[in-house]
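Peer 1: generate coordinates for the sequence data below:
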Amino acid sequence: MSNDILSRLRLLDVACIGDRAPHNAFADLLEWHDRMWLVYREGLSHVSGDGRIRVLGSADGRRWEEAAVLAVDGEDLRDPKLSVMPDGRLMLLAAAAIRRDGRLAQLRNLVWHSGDGRHWGLPQEIGERGMWLWRVTWHRGVAYGVAYAVFDDPEPGRPRRHARLYRSEDGLNYRSLVERLVEGGYPNEHSMLFLPDDRALCLLRCDDQRDSALLGRAAPPYKEWSWKPLGRRFGGPHMIVLPDGGIAAAGRLYDGEVRTALCRLDPEAATLTELLSLPSGGDTSYPGLAWRHDGLWVAYYSQHEGNCRIYLARLE
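Peer 2: Alright, predicted model coming up:
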């Protein structure tokens, strides 16, 4: 029997920590300055024009304090993501959407910065409009992120949807590193991590005829990627390297019963194996992951108890 961390993880408890709005969703989580920080979107529904971002902080993961609320008039703020910049500040990335007549008319990427988690200043626009920069991951002082096209490509003969890899040295100015990272179908949400030997892994959601997430691998300078299907549809993916080198991935599985699941990702075999399902159902997933005090913490949302709420699961 395997004795690695993933095999020994057990669910200790799950607590609801966000239910102020009719719809609370799209969480992210990290540890910074000996505290845990959690962000999520509040709105009237899954897609509505009033989305705003709530920031919470906690010293122990049990008692949470409101740190900030971020909003932009007339725009729906969506899918906030946290990262720590090389200079030690927190960076919060989110999409800002405008809809007209029920259809997406404009999408831009915004970032805020903070030195204490409470004061964030004004947002700054980054990247390209219409390319949703889903998440950025810092490695050796450089930010990498995959953006996906939310509008059809107007150029005849080109795939309608595609994903693009960007890099930035300052978190504000981004240049395309791989113009067409994945083409065809509908590549979109992703999570990226870097291994000790500097190789990069990218877990990419794809909603097309393949009906399977993709795992990408690349060595520096990350211009040449190889992709393998994982054989499972996986929504809102995120992954983290555990202290023993194992890779935990969390997201939404669709194989009959929709749920938020914790999985083992084996990059050599290109397999995604479910370890346990968290209390969840319906509109759910989009987890944040953090390793702290010899335990794995998972922040996610679900509507299994009524309206969509934010939950924090603790595994030890």
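
Peer 1: what residues are bridge-paired with Ile165?
Peer 2: Ile isn't right for residue 165; it's Leu. As for beta bridges, Leu165 partners with Val146, Val178 under DSSP bridges.

Peer 1: and it, what does it touch?
Peer 2: Contact analysis of Leu165 by C-beta atoms under 8 Å, 6 or more residues apart in numbering lists 144-146, 176-178, 181, 222, 225. Any C-beta I mention is one placed from the backbone N, CA and C, and that applies to glycine too.

Peer 1: swap the cut-off to 6 Å and go again
Peer 2: Counting by C-beta atoms under 6 Å, 6 or more residues apart in numbering, Leu165 touches 146, 177-178, 181.

Peer 1: if we go by neighbour counts, what in stretch 197-217 is buried?
Peer 2: Along stretch 197-217, these residues count as buried under the neighbour rule (16 or more other C-beta atoms under 10 Å): 200-207, 212-217.

Peer 1: which one of those residues sits closest to Val241?
Peer 2: Nearest to Val241 among those, counting by C-beta to C-beta, is Leu201 at 9.2 Å.

Peer 1: local confidence estimate at the closest one?
Peer 2: Looking at Leu201, its pLDDT reads 98.

Peer 1: quick check: beta-bridge partners of it?
Peer 2: Counting by DSSP bridges, Leu201 forms beta bridges with Leu193, Arg217.

Peer 1: check Trp138 too.
Peer 2: Following DSSP bridges, Trp138 is listed with bridge partners Ala143.

Peer 1: for it, give its distance to Lys228.
Peer 2: Distance, Trp138 to Lys228, by C-beta to C-beta, to the nearest Å: 25 Å.

Peer 1: equivalent analysis for Asn307, please.
Peer 2: Taking C-beta to C-beta as the measure, Asn307 falls 38 Å from Lys228.

Peer 1: between those two, who's got more neighbours?
Peer 2: Remark: of Asn307 and Lys228, Lys228 carries more neighbours, 15 against 12, as counted by other C-beta atoms under 10 Å.

Peer 1: quick one: contacts of stretch 277-285?
Peer 2: Contact with stretch 277-285 is made by 14, 235-236, 251-252, 259-261, 302-304, 308, 313, as judged by C-beta under 6 Å, 6+ apart.

Peer 1: which parts of that stretch are buried?
Peer 2: 278-280, 283-285.

Peer 1: same list (those) but as JSON lines, adding secondary structure, pLDDT and distance to Val55.
Peer 2: Shown next, in JSON lines, are those (DSSP: H, G, I helix; E, B strand; the rest coil; pLDDT from 0 to 100; distance: C-beta to C-beta, whole Å):
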{"residue": "Leu278", "secondary structure": "coil", "pLDDT": "98", "distance to Val55": "23"}
{"residue": "Pro279", "secondary structure": "coil", "pLDDT": "97", "distance to Val55": "24"}
{"residue": "Ser280", "secondary structure": "coil", "pLDDT": "97", "distance to Val55": "23"}
{"residue": "Asp283", "secondary structure": "coil", "pLDDT": "95", "distance to Val55": "22"}
{"residue": "Thr284", "secondary structure": "coil", "pLDDT": "96", "distance to Val55": "22"}
{"residue": "Ser285", "secondary structure": "strand", "pLDDT": "95", "distance to Val55": "20"}
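
Peer 1: turn these into TSV, columns for distance to Ser191.
Peer 2: TSV is the format used below for the buried residues of stretch 277-285 (distance: C-beta to C-beta, whole Å):
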residue	distance to Ser191
Leu278	17
Pro279	22
Ser280	18
Asp283	20
Thr284	17
Ser285	12
